[in-house]
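In: Any chance you can model this:
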Amino acid sequence: MKRSILFSVLCCMVFVACRKDEIPLFDTTENVYFDFLPDDPSDKTDSLLYSFAYFPDKAEDTVFVPVRISGFRVPGERKFILATVDSSTTAKAGIHYKALEKEYVMAADSGLCLVPVILYNKDSVLKSKTLTIGLTLKPTTDLGVAFTLQNKGLIKFSNRLEMPTWWTLWASELGDYSRVKHELFIRASGTIDMPTTVDFNTVPKALYHTRRFKAFLLDPFTWVTQYASEGYVITIGADGFYYFYNTHNPDNKYKLEKNPDDGKYYFKDENGKRV
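Out: This next block holds a predicted model:
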């Protein structure tokens, strides 16, 4: 009798286990959410950061907002809505960025869509402040937005720089930091970055870039001729001053002023000091 009862209990346990295994992994509508660092799950963020200062020849550029699906991939296209949030947006559509589309498409058999957002480098305000575009995902008949903690995001962009950690390391070559000097360094040195250590491998590379930058500051007119293929020119403005700029982005110019003491031309930084 005891054996019969034990056998019955074991059968029930097996039956329940089989029923549990049959529960589908997703029993609700698939949802979309922001995944700003999809390759690094240990370091999540809700923002994309961008600076035009690293790309002086660009009057506009595109950043990609990663939107991921939390459910199954399907063989057909599905639509979702990416919209702006007024309370967290300081940029203006049409002036600072291209207005978003009404809907976006998650491609067939895909679990990730990189939504293009076009940023404009037209307004001089980007030189002095960082603008934001607040983003949110909204539900459609195809996809929901159940993950509220990952349903808000930001694009932060400007045309300004902050002092990088490597500047102090190479200050003997570069001198005191200023944003204008940093911008000119990026345009003239041939790099946007510098080594963060000093050894026999890094010093030659660093000196190449710093000396190219020094040659530019010493004689920008000769530098422009020497590196003509990079698209930089110096022309005279209506005010009679010379201006240095890239032909692909002529609205972003740097004024050269002649020093009567030595007859040479110099740039000035945001504090009015000679670069």
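
In: would you list every one of the strands in this structure?
Out: Taking DSSP state E as the criterion, the chain contains strands spanning 32-34, 47-51, 60-69, 78-84, 104-106, 112-120, 131-138, 152-158, 232-236, 242-246, 249-258, 265-266.

In: per-residue pLDDT, residue 28?
Out: Looking at residue 28, its pLDDT stands at 47.

In: from now on call the first residue 21
Out: Sounds good: first residue 21 from here, last item residue 48.

In: Low-confidence ranges, this structure, go.
Out: Along the chain, the parts satisfying pLDDT under 70 run over 21-48, 58-65.

In: Could you chop it up by domain?
Out: Using automatic domain parsing, the domain ranges for the chain come out as 52-178, 185-286.

In: closest to residue 292 out of those?
Out: domain 185-286 (10.1 Å; CB to CB). In this view, the C-beta of every residue, glycine as well, is placed from N, C-alpha and C.

In: ok so, going back, is it possible to get TSV of the domains of the chain that adds mean neighbour count and distance to residue 294?
Out: Formatted as TSV, the domains of the chain follow (neighbours: other CB atoms under 10 Å; distance: least, CB to CB, whole Å):
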stretch	mean neighbour count	distance to residue 294
domain 52-178	16	19
domain 185-286	15	5
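
In: Grab the nearest non-local neighbour of residue 229.
Out: Counting by CB to CB, 6 or more residues apart in numbering, residue 209 is the residue found nearest to residue 229 once chain neighbours are left out, at 4.2 Å.

In: quick one, what contacts that neighbour?
Out: Shown in contact with residue 209 (CB atoms under 8 Å, 6 or more residues apart in numbering): 229-230, 232-233, 236.

In: cutoff 10 Å now
Out: By CB atoms under 10 Å, 6 or more residues apart in numbering, residue 209 lies in contact with 194, 226, 228-236.

In: same check, this time on residue 286
Out: 237-238, 240, 275-279, 293-295.

In: residue contacts, residue 71?
Out: Each residue near residue 71 by CB under 10 Å, 6+ apart is listed here: 141, 146, 150, 176-182.

In: List just the nearest of the residues you listed to residue 198.
Out: residue 181 (9.6 Å).
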